[in-house]
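J.: what would the 3D arrangement of this be:
(one chain, ligands or ions: 1)
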Amino acid sequence: MISRRAREIGSFLAMELLDKARQLEAAGRDIVHMELGEPDRPPPPEVVDAAYSALEEGYSTYTPTQGIAELREAIARFYQREYGVSVSPGRIIVTMGVSPALFLVFGALLETGDEVLIHEPYYPPYPQCVRFMGGRVRCVKLDPGAGFPIDAERLLTEVNADTRVILVNSPSNPTGMMADREALKAVVDAGKMIVSDEIYHRITYGTGAASMLEFTDDCFVLNGFSKVYGMTGWRLGWIICPERFAAPLHRIHQNFFLSANSFVQRAGVSALDGPQAYVDETLEIYDRRRRYLIGELGRLGWRLASEPQGAFYLLADVSSTGMDGMTLAERLLDEAGVAVTPGVDFGEIATNFIRFSYATAIERIEEGVRRIEGWLR
Ligand code: PLP
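T.: Numbering: from 1, shown residues only. Below you'll find the predicted structure:
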């Protein structure tokens, strides 16, 4: 008998669509990929070199469960430099990305039935992870008419006695919207535990993102190397936790994951401590694509209610086509050879939307737009 937990977990539509796109490619079709939340740029060369060197130096064993000291110290320095906050390495746990970090944090926080507030549209694994850990999800629908800003007032109207955690993701996947400092502060003032997924920090087009740690130490901050350094497949991230959670999180990590990959942790030190010109260059590249795509979507009649300030996604309202996002995404893939993600993946509120990722070469984005335009005609 398959467990209820396993039966109830939903699949990630974006991944299913990717499988379908790959099948079409295997059959000889050329597909433009705008469904992937995966940077197209390889990691900085010095980071790749650091990984090679670490392998040569024998970094191939388990490491301390909480991560190697050098990396935790580099992460602590990063918080000081980037946000002016002091984090002791004892509060840092190095994980194999933000995905296992979510599993660990909700495993450490939730009792059966505890409620987690999530702003919708959301990153699809959030509700799955909360339910898997026995929690209940309360979605707070953001305003589609305003482009889904992360509105603290709206979020906080849903806080009640059962609320155990408020989950914040800013800049957000899939909207690219950012909570401003006042909104973060208001969330802290609600007095609930906060989990802040900051994986898109440093991918911002204007004002930088503030960390939840600037407002409170009593929160969990999740971040990693996947998006900023193009290291999705390397599997490396971290958790900053309140002091009292460090030991229980270590125990959970030890039992289920042992440690993050050892040579990859060495490369992580090089990424954080090395020159950061790569990050600035990548941002310029993304910004050019972002501006191009915003203009073109407007031309196609899929105007965005608000310009996203971060990440590398655009969530476009496609109601003008008379189709919902799922139907449109399926047809675009089959008939135009363009892969995008249906909005419904990110919650019911985004049913009439599709998400474009611009973490793909500008020539391919231009080709995608040409195909969509031709298909629409
Ligand atoms: N959090 C958000 C909001 C994401 O969009 C993603 C990946 O798309 C992740 C977490 C997963 O990150 P990682 O590669 O560190 O597991």
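J.: number of nearby residues for S320?
T.: Neighbour count for S320, taken as other Cβ atoms under 10 Å: 13. Yep, even glycine has a C-beta here, placed from its N, CA and C like the rest.
J.: hang on, it is in a helix, isn't it?
T.: Yes - read with DSSP: H, G, I helix; E, B strand; the rest coil, S320 is one of the residues of a helix.
J.: that one is in contact with L328, isn't it?
T.: No - contact between S320 and L328 fails when scored by Cβ atoms under 8 Å: they sit 10.6 Å apart.
J.: residues of the protein that sit close to the ligand?
T.: When proximity is defined as Cβ under 6 Å from any ligand atom, the chain approaches the ligand at 37, 97-99, 123, 169, 173, 197, 199, 224, 226, 232, 237.
J.: run the last query once more with 8 Å
T.: Residues of the chain found near the ligand, taking Cβ under 8 Å from any ligand atom as the criterion, are 37-38, 96-102, 123, 125, 169, 172-173, 197, 199-200, 222, 224-227, 232, 235-237, 311.
J.: can you list which of those are found in strands?
T.: 169, 197, 222, 224, 237 (DSSP state E).
J.: tell me who's in contact with the second one.
T.: Think D197. With contacts defined as Cβ atoms under 8 Å, 6 or more residues apart in numbering, D197 is in contact with 98, 102, 123, 167-169, 222-223.
J.: C129: which of those is nearest?
T.: Minimum separation from C129 among the contacts of D197 (Cβ to Cβ) is found for L102, which lies at 4.8 Å.
J.: returning to that earlier point: can I get the contacts of D197 in JSON lines including neighbour count and pLDDT?
T.: Rendered in JSON lines, the data for the contacts of D197 read as follows (neighbours: other Cβ atoms under 10 Å; pLDDT from 0 to 100):
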{"residue": "V98", "neighbour count": "24", "pLDDT": "98"}
{"residue": "L102", "neighbour count": "26", "pLDDT": "97"}
{"residue": "Y123", "neighbour count": "24", "pLDDT": "96"}
{"residue": "L167", "neighbour count": "26", "pLDDT": "98"}
{"residue": "V168", "neighbour count": "25", "pLDDT": "98"}
{"residue": "N169", "neighbour count": "25", "pLDDT": "98"}
{"residue": "L222", "neighbour count": "26", "pLDDT": "98"}
{"residue": "N223", "neighbour count": "24", "pLDDT": "98"}
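J.: and which of those is nearest R131?
T.: Using Cβ to Cβ, the shortest approach to R131 within these belongs to L102, at 12.2 Å.
J.: ok, that closest one to G10 distance?
T.: 15 Å (Cβ to Cβ, to the nearest Å).
J.: give me the domain ranges for the chain.
T.: For the chain, whose domains are defined here by automatic domain parsing, the residue ranges read 4-42+277-376, 57-273.
J.: so for D49, which of those domains sits nearest?
T.: domain 57-273 (7.7 Å).
J.: apart from its chain neighbours, what residue comes closest to the residue in the chain that the ligand sits nearest to?
T.: Of the chain, the residue with the smallest distance to the ligand, taken as Cβ to the nearest ligand atom, is G97 at 2.9 Å. In space, G97 comes closest to G237 once its chain neighbours are excluded; the distance is 4.3 Å by Cβ to Cβ, 6 or more residues apart in numbering.
J.: can you name the residues bridging to the one you found?
T.: T95, G224 (DSSP bridges).
J.: count the neighbours of it for me.
T.: By other Cβ under 10 Å, neighbour count at G237 equals 24.
J.: looking at it, it is touching F103, isn't it?
T.: No - G237 is beyond contact range of F103, at 11.6 Å (criterion: Cβ under 8 Å).
J.: before we move on, back to that, among the domains of the chain, which is the most enclosed?
T.: domain 57-273 (a mean of 20; mean count of other Cβ atoms under 10 Å).
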